[in-house]
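Undergrad: I need the structure of the sequence given here:
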Amino acid sequence: MSEYQFAVGLQPINRLPFIEAKPMFTVLPITGGQLSLSGKTMKTTFQMTKKELQKIIQSWENMPLVITHCWEHPEATDILLSIAFDDSQAINWRAMYLFELIHYQHPELVIPYLPAMTDFLLTTKNSSKKRHLLKLISLHEIPEENVALLLNFCIQEFTNAAEPIAVRVHAMQILFNIAQKEPDFAGELIDLIENEIEYHGSAGISSRGLKLLKKLKSPDKP
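TA: Now for the predicted structure:
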């Protein structure tokens, strides 16, 4: 595939006339969920429509380009969010995944959307989207007005053995973050984590749970 083409499914779309002739990203292996990029940046000189974005995110090869496009055209994040909030097509979860990738490089583009993301989290049934939303929320201070909502929601998700492990792990992390602000909740959270490790445990739940238990039981130690 040409270095100036997008991959849409199996049919590349040549967008050479709309892209400044600079080398495309070199995509390095993803480590720990983070996408690393090297090489010179590629300047996009056009604004993608919602329809174009929906087609482009069908191919993993285009993820670096979308990240760059949102950085160069911040208004494109509004369009990407509208795709992420659309539960009518299963593949739209990739738009939410893209917000996680964008956050690694340009968190300032994502932070303003956290309140809307929190509202959407409470209503969506899509576990893939919940995974990325919970992770993003866990990385930031929880506004006081959302503490009770997230507390109840995350207890429900964490103790639901039918939910994917990643959803439960990120929910547990948010509960821990809340316990740091609300010490009276720490004792209850210790019981919850110990119960889940014993009765609904997994490698992921146990690994994160044991680390958080150590901190909850020894709050004065780093």
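Undergrad: tell me which residues of stretch 125-136 are tucked away?
TA: If you call a residue buried by 16 or more other Cβ atoms under 10 Å, then stretch 125-136 has these buried ones: 126, 128-136. Where C-beta positions appear, they are placed from N, C-alpha and C, glycine not excepted.
Undergrad: Let's have those in CSV, adding secondary structure, pLDDT and distance to His170.
TA: Converted to CSV, the buried residues of stretch 125-136 look like this (DSSP: H, G, I helix; E, B strand; the rest coil; pLDDT from 0 to 100; distance: Cβ to Cβ, whole Å):
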residue, secondary structure, pLDDT, distance to His170
Asn126, coil, 96, 14
Ser128, helix, 96, 12
Lys129, helix, 98, 12
Lys130, helix, 98, 8
Arg131, helix, 98, 7
His132, helix, 98, 9
Leu133, helix, 98, 8
Leu134, helix, 98, 4
Lys135, helix, 98, 5
Leu136, helix, 98, 9
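Undergrad: how about those in CSV, adding distance to Arg168?
TA: Listed next are the buried residues of stretch 125-136 as CSV, based on distance: Cβ to Cβ, whole Å:
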residue, distance to Arg168
Asn126, 15
Ser128, 14
Lys129, 15
Lys130, 10
Arg131, 10
His132, 14
Leu133, 14
Leu134, 9
Lys135, 12
Leu136, 16
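Undergrad: distance of the residue nearest in space to the middle of the chain from Ile197?
TA: With distances taken as Cα atoms, centre = their mean, the residue of the chain nearest its centroid is His132 (3.0 Å). Computed as Cβ to Cβ, to the nearest Å, the His132 to Ile197 distance reads 24 Å.
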